[in-house]
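A.B. asks: quick one, fold the following:
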Amino acid sequence: MGSSSSAPAAELLGRFTSERPPTNSAGAAVTIVLREGTSDVEVLLIERAEDPNDPASGQVALPGGHVSETDGNLQRTALRELEEEVGLVRGDLDGEPRFVTIVHAQRFRLDVGIFAAALGPEAQRPSVRSPAEVAHVFWMPRHALDVTRSVERATYVGARTVPATVHEGHVLWGFTRRVLRDFFGYPVEEEAGPPVYGVRRPSETGVSSRDS
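C.D. replies: Below you'll find the predicted structure:
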């Protein structure tokens with residue numbers, strides 16, 4: 001059973017400080033961008049472009065990416081990637097991004113810094129800025145996480161049935177889903193075997209043709 005309380009974005013963000021973690025504490029950073037929807041808090045997600053050479057091909061994810069030597073710190077990495085992928089800049093956010101935690105992405109053997117921020121009242125509309133990297137940008141309400149479905153995916157350990165959240169044809173699973181469930185206070189799910197994450201194949205989709 002998921003978290004059914006309707007805490008606004010400000011309350012969710014109030015649990016974290018605006019302190020920045022050490023520069024070398026992770027190799028990548030992502031941002032949980034929140035906005036107040038009509039009935040619930042919503043989170044900004046991207047669907048990555050199809051690329052047979054990319055292990056994250058077609059996956060639903062949070063805006064973010066690898067640290068660059070010129071970033072200086074993880075927060076700057078998160079803000080740079082946010083602009084490059086969906087066109088949001090610091091001025092589009094309501095306050096400084098809050099540092100949430102660092103999570104290990106086992107598939108990529110990479111520590112990822114997690115930040116969170118609310119969309120500002122005068123923010124521009126997020127959109128795809130790099131079609132070679134991002135195919136779609138969309139908002140998902142928190143309550144979508146209330147329902148768990150089992151879908152089959154091609155992973156680096158072979159075809160596996162994994163827990164997923166499905167929203168308007170998009171399938172959220174793996175690392176990003178675990179990060180969001182933890183952020184919103186959902187209970188930890190038991191998964192058989194190690195965390196899995198890999199390239200999906202059209203013949204193995206379990207929900208729809210737009211299955212990431």
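A.B. asks: so, low pLDDT: which residues of the protein?
C.D. replies: Along the chain, the parts satisfying pLDDT under 70 run over 1-7, 20-24, 52-57, 154-158, 190-212.
A.B. asks: then the longest helix along the chain to CSV, C-alphas only?
C.D. replies: Criterion DSSP state H: the longest helix present in the chain is helix 74-86. Taking C-alpha atoms only, helix 74-86 is exported to CSV below (Å, rounded to 0.1, in the frame of the first residue of the first chain):
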residue,chain,number,x,y,z
LEU,A,74,27.3,17.6,-7.9
GLN,A,75,24.6,20.3,-7.7
ARG,A,76,26.1,22.0,-10.8
THR,A,77,26.1,18.7,-12.5
ALA,A,78,22.4,18.2,-11.8
LEU,A,79,21.6,21.8,-13.0
ARG,A,80,23.7,21.5,-16.1
GLU,A,81,22.0,18.2,-17.1
LEU,A,82,18.6,19.6,-16.3
GLU,A,83,19.2,22.4,-18.8
GLU,A,84,20.7,20.2,-21.4
GLU,A,85,18.0,17.6,-21.3
VAL,A,86,14.7,19.4,-20.6
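A.B. asks: chain center to it: distance?
C.D. replies: 13 Å (CA atoms, centre = their mean, to the nearest Å).
A.B. asks: which residues sit against it?
C.D. replies: 20-21, 23, 25-26, 28-31, 33, 44, 46, 63-68, 71, 88-90, 96-97, 99, 113, 115, 126-130, 133-134, 137 (CB atoms under 8 Å, 6 or more residues apart in numbering). Every C-beta, even on glycine, is put in place using the N, C-alpha and C of the backbone.
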